[in-house]
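*Asks:* could you look at this predicted model? Sequence included:
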Amino acid sequence: FWKALRQVCPSTKIQRCRVHKTVNILDKMARSQQPSAKLMLHEIWMSGTKEDAVKAFDQFVASYRAKYPKAVECLLKDREELLAFYDFPAEHWQHLRTTNPIESTFATVRLRTYRTKGAGSRAACLAMAFTLLETAQKRWRKLSGSALLPEVVAGVLFKDGMKIAA
């Protein structure tokens, strides 16, 4: 998916989910170290500026590289994708830092296909998924800062959540 997206829209920025990344990193560490490591990871995701996030990122790497190289490698490989949200309006950050909006959307479809033990043919499955998603969208709320979306689409630059004056 990401490879295809980069081919079609090369300027698209990719943001990794902090929740999934945190779980993946902590899974590579001793259970006794997980609470303190989780706090350090949250410092990265919840910093007010990218500069502060980079400092917290580097502190995590320095603290755990020797004992937990797999955990640190897991974090390092997605550095840019984990900090991409700083280049968008601060109002959008809560949505960008997690894949929950996407997962919530498909939870209804996943539940229904599980309960019905499949939907039969491919056409029936697509029709069911489409209908479920169409019904679910009636209950969705707008993204925080939705009024800023035209500016984001137009390519207005943001730094640390604030619009950069032209």
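*Replies:* Right, received. Where do you want to start? Numbering: from 1, shown residues only.
*Asks:* so which residues of this protein form strands?
*Replies:* Assigned by DSSP state E, the chain shows strands spanning 158-159, 162-163.
*Asks:* show me what the mean pLDDT comes to for the first one.
*Replies:* Strand 158-159 shows a mean pLDDT of 92 in the predicted model.
*Asks:* where does pLDDT dip in the protein?
*Replies:* For the chain, applying pLDDT under 70 flags the ranges 99-103, 118-119, 166.
*Asks:* ok, the residue nearest to residue 50 when sequence neighbours are not counted to residue 8 distance?
*Replies:* Using C-beta to C-beta, 6 or more residues apart in numbering and skipping the chain neighbours, the partner closest in space to residue 50 is residue 86 (3.9 Å). The C-beta positions use only the backbone N, C-alpha and C, and glycine is treated the same way. According to C-beta to C-beta, to the nearest Å, residue 86 stands 24 Å off from residue 8.
*Asks:* do residue 2 as well
*Replies:* Taken as C-beta to C-beta, the span from residue 2 to residue 8 is 11 Å.
*Asks:* residue 86 and residue 8 - which one has more neighbours?
*Replies:* Applying other C-beta atoms under 10 Å to residue 86 and residue 8 shows that residue 86 carries more neighbours, namely 22 against 7.
*Asks:* residue contacts, the more buried one?
*Replies:* 49, 50, 53, 159, 160, 161 (C-beta atoms under 8 Å, 6 or more residues apart in numbering).
*Asks:* and for residue 133, the neighbour number?
*Replies:* Using other C-beta under 10 Å, residue 133 has 13 neighbouring residues.
*Asks:* contact partners for it?
*Replies:* 105, 108, 109.
*Asks:* quick one: which of these has the most company?
*Replies:* residue 109 (18 neighbours).
*Asks:* that one against residue 132, yeah?
*Replies:* Yes: with contact defined as C-beta atoms under 8 Å, residue 109 and residue 132 form a contacting pair (5.1 Å).
*Asks:* how near is residue 158 to residue 66?
*Replies:* 36 Å.
*Asks:* oh, that last question was meant for residue 132, not what I typed.
*Replies:* Taking C-beta to C-beta, one finds residue 132 at 49 Å from residue 66.
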